[in-house]
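*Asks:* give me a 3D structure for the following:
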Amino acid sequence: MANLRLQSTLKHKVNKISKDLKCQSSISFIRLMLQEVFELNEIDIDESITDGSMDKGIDAVFEQENEDGENILYIVQSKYFGNPDKSLDGATINKAILAISNYVFGDSPTDKMNTKLRKRAEIYQDRLSNGEIDMISLVFITNGQKIHPNLKAELEQFKNEQNGQLKYEIYTEENLSLIFTPLSAKPVKQIDLKIIKDVGGGEKTFINLPDIDSAQGKVAKVDVYDLAEIIKKNNPNIFHSNVRAFQSMRNKVNESIAKTLLNEETAKQFIYLNNGITLLCDNFNIKPGNEMVQIDNLAIINGCQTASTILEIYNQDAIIPNTAFVLLRIIKSKDEDIKRKIIISSNTQTGVKNRDLISEDQIQKELEAHFLTFGYYYERKKGLHAGKPREKIIDLEKAAQYYLSLYLQKPAEAKNKKSEIYKSYRDQIFSEDLTANQLLVGYILFEKINEKIKLLRKTANETRKSILGNSLLHLLPLFREWAIEDSGKFLSELEDDFKIINFLFNQKIDDVISKMEKAVKKISEKEKDKFNPQYFFKNSDSLKRILKKTKSKIKKTKDFLELNFDNFTRQKDLRYYKPDEYSFDGVKYKGITYWNDLFIKLMELYNKNNELTDGNINFIDIGTRTLLLLNPDETEKRLRKKMKNGLWLLTNFNSSYLSRFCFAIAEKLEIKLFIRLRPTRFRTQRKYKRRRRKKSQK
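*Replies:* Next up is the predicted model:
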């Protein structure tokens, strides 16, 4: 029987989307699911949806990176029932299976698909054959009830036939109830939990943990079936202190847990294969007989995924009592500081999302406090500020994305490699110097750009709509280049006065977007049929290519600066200059855009007569870092440039360092190096204003 409260909530949300976007309820439902289940934003949802005539049973298709950095292709079939007592039928499921067989794994002609789906299918076929997609996930989402076991068996068979390339996910009313139930901070007041007392165990039913002044604990064995009943009765409040909510059966760890429990033989091994569950409570009392423990104000602080997966299997009536067992660690304390430390240390393990782990870092808490001074709520972990005005909530991951794009000028990485925010870019983003002001500049600017792009997309054709939608994060560094810096401003000025963002945005955004579109048009005309906006903006060199296409020829003026061996050591501050040309003889000059390019060129020249190996070069001082690496890992590669001999050169230094490195190499090669630098707009305007000031004083 349908859950009327949940269905009423879903109906309200679906109707609101239908009213706002003037679309059918089926489209509204898939949009809602893509937002809530996969956390896609509005523009990504537009790009993903393929529903309509000739859609071959595919309602949405998109790529998304998981926590392990794997690129997953999601193919979604959704069904919104007016009567939620229904469930997905065989025809719906078989249609989706047939579509994947023919157009993803097969090479059936795509001419009978709608235009949007056909383009997607052709792209994904190429990306699959090139190994750029690691896994395909076939997703069924409905507000109806569980599917028939026979249909699930068909899906399982289809999955097994694909040799590990495919998995499937099913979301029904029961799953959606967890997604749409708000996180609650209300404690579970008191429960009675049955403990397994082994024959002959006597008092050893419980293992005592060492007592300290502020905490005491016990370890015991419980039947998975009994634990599931406790969780079902008290869910979701039982997880109120966990740093993360249930990650669903999409999570690979949870899939493994479920697989173990569903097999009667491996279920017996469960206690040896699982790390167990940790409960934190105010107090516990072991009842006479040592077979029952009464627990006050409990919370599962570690093992949320294990416990929730156990509940999922229990709800399928697939857990047999007295078969599978799990170790339970019960800790009691009323000291809030000790509780916090226990929660953090209990969750420091691979299965926890990186975002959740850093949510308890001191810098994140200080940022939360700093944001409050501006009237914003920093959501360092999901659900922390539920109920607060949506426009005042600053999401940790989004803020980091915008910072990576705007301040570190890596928009492609910000969009497609979010997992790297917590890995290779973590120290660069969440440094000791990071302030809420900086994160707010990126956040405010992105929201303004986003609203502008939404407006433009309403009247755009499909090609322009795709370019505008996929360029969102690129428009942050482009706005910095063409609006902020060209106006003689610094990001630091915007950090001190957010009103400047409004002023520059209103004045410059149309020009920035127009300039970007012209540059992309030139690139698309050159690439012709090979050009695809979605994948162009995914490439790490996309920003560089856009800027290269719009580089203007600037007339040489006396403000140009030329570096040579006589003066380069005296130039301490090169922030207001950019490389324009270089020469190895002082006569013939060649154009240059980035310091990195010249640094790599000189290193390649040095390598011709001097064999380079792993490590550093004695005449280039880079401190404790390593200049050259052979076969670095993927994280390290993002900070480096590959050279012809397979070595990877570290290049992420500022202009002052790189200029010194270039002259050091040139000296070893006995090259007469000259570098012409052009002034930034700020440098030019500042000199102009200074001259005007002097004239006015006369």
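*Asks:* doesn't residue 641 belong to a helix?
*Replies:* No - the assignment for residue 641 (DSSP: H, G, I helix; E, B strand; the rest coil) gives strand, which keeps it out of a helix.
*Asks:* that one against residue 653, yeah?
*Replies:* No - counting by Cβ atoms under 8 Å, residue 641 stays clear of residue 653, with 11.9 Å between them. Heads up, the C-betas are built off the backbone N, CA and C, glycines and all.
*Asks:* give me the common contacts of these two.
*Replies:* Listed as contacting both residue 641 and residue 653 by Cβ atoms under 8 Å, 6 or more residues apart in numbering is no residue at all.
*Asks:* who's in contact with the helix or strand containing residue 649?
*Replies:* Using DSSP states H and E, residue 649 sits in strand 647-650. The contact list for strand 647-650, computed with Cβ under 8 Å, 6+ apart, reads 599-600, 603, 612-614, 622, 625-630, 632, 636-637, 639-643.
*Asks:* take those residues and keep only those in strands.
*Replies:* 628, 629, 630, 640, 641, 642 (DSSP state E).
*Asks:* out of those, what pair is the most spread apart?
*Replies:* Largest separation among these by Cβ to Cβ: 630 and 641, giving 13.8 Å.
*Asks:* so these two - more neighbours on which side?
*Replies:* When residue 630 and residue 641 are compared for neighbours, residue 641 comes out ahead with 16 against 12, by other Cβ atoms under 10 Å.
*Asks:* OK, contacts around that one?
*Replies:* Applying Cβ under 8 Å, 6+ apart to residue 641 gives the contacts 596, 600, 648, 649, 651.
*Asks:* hang on, residue 135 packs against residue 163?
*Replies:* No - using Cβ under 8 Å, residue 135 makes no contact with residue 163, being 11.7 Å away.
*Asks:* more neighbours: which of these two?
*Replies:* Neighbour tally, residue 135 and residue 163, criterion other Cβ under 10 Å: the higher count belongs to residue 135, 16 against 7.
*Asks:* doesn't residue 254 lie inside a helix?
*Replies:* Yes - counting by three-state DSSP, residue 254 is part of a helix.
*Asks:* centre-most residue in the chain?
*Replies:* residue 418 (3.0 Å; Cα atoms, centre = their mean).
*Asks:* redo the contacts of residue 641 as a markdown table? Include pLDDT and distance to residue 578.
*Replies:* A markdown table is the format used below for those (pLDDT from 0 to 100; distance: Cβ to Cβ, whole Å):
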| residue | pLDDT | distance to residue 578 |
| --- | --- | --- |
| 596 | 85 | 12 |
| 600 | 89 | 17 |
| 648 | 90 | 25 |
| 649 | 91 | 21 |
| 651 | 86 | 16 |
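*Asks:* show me which of those residues are buried.
*Replies:* Buried residues within those, defined by neighbour count using 16 or more other Cβ atoms under 10 Å: 596, 600, 648, 649, 651.
*Asks:* those strands in the stretch 1-150 of the chain, which residues are they?
*Replies:* Per DSSP state E, counting those that start in this stretch, the stretch 1-150 of the chain carries strands over the ranges 60-65, 71-79, 135-142.
*Asks:* all strands of the stretch 351-500 of the chain, in order?
*Replies:* For the stretch 351-500 of the chain, the strands defined by DSSP E, counting those that start in this stretch occupy 377-379, 393-395.
*Asks:* go through these and name the closest to residue 496.
*Replies:* For those, the distance to residue 496 is smallest for strand 393-395, at 18.4 Å, taking Cβ to Cβ.
*Asks:* return the distance of that closest one from the chain's centre.
*Replies:* 15 Å (Cα atoms, centre = their mean, to the nearest Å).
*Asks:* and the average pLDDT for it is what?
*Replies:* For strand 393-395, the mean pLDDT works out to 93.
*Asks:* on that earlier part again, partner strands of the strand holding residue 649 and their direction?
*Replies:* Applying DSSP bridges to the sheet, strand 647-650 is found paired with strand 628-630 (antiparallel), strand 640-642 (antiparallel).
*Asks:* need these in TSV (columns: distance to residue 679 and mean pLDDT).
*Replies:* Converted to TSV, the strands paired with strand 647-650 look like this (distance: least, Cβ to Cβ, whole Å; pLDDT from 0 to 100):
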stretch	distance to residue 679	mean pLDDT
strand 628-630	33	90
strand 640-642	27	86
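*Asks:* which parts of the longest strand anywhere in the chain are buried?
*Replies:* The longest strand of the chain (DSSP E) is strand 292-302. If you call a residue buried by 16+ other Cβ under 10 Å, then strand 292-302 has these buried ones: 293, 295, 297, 298, 299, 300, 301, 302.
*Asks:* can you show me the CA trace of it as PDB?
*Replies:* Output of strand 292-302 as PDB, limited to C-alpha atoms (Å, rounded to 0.1, in the frame of the first residue of the first chain):
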ATOM      1  CA  MET A 292      19.500  -7.600  27.100                       C
ATOM      2  CA  VAL A 293      21.000  -4.100  27.300                       C
ATOM      3  CA  GLN A 294      18.900  -1.000  27.800                       C
ATOM      4  CA  ILE A 295      20.500   2.000  25.900                       C
ATOM      5  CA  ASP A 296      19.600   5.700  26.500                       C
ATOM      6  CA  ASN A 297      19.800   8.400  23.800                       C
ATOM      7  CA  LEU A 298      21.700   6.200  21.300                       C
ATOM      8  CA  ALA A 299      23.100   7.100  17.900                       C
ATOM      9  CA  ILE A 300      25.000   5.000  15.400                       C
ATOM     10  CA  ILE A 301      28.100   7.000  14.800                       C
ATOM     11  CA  ASN A 302      30.000   4.500  12.700                       C
END
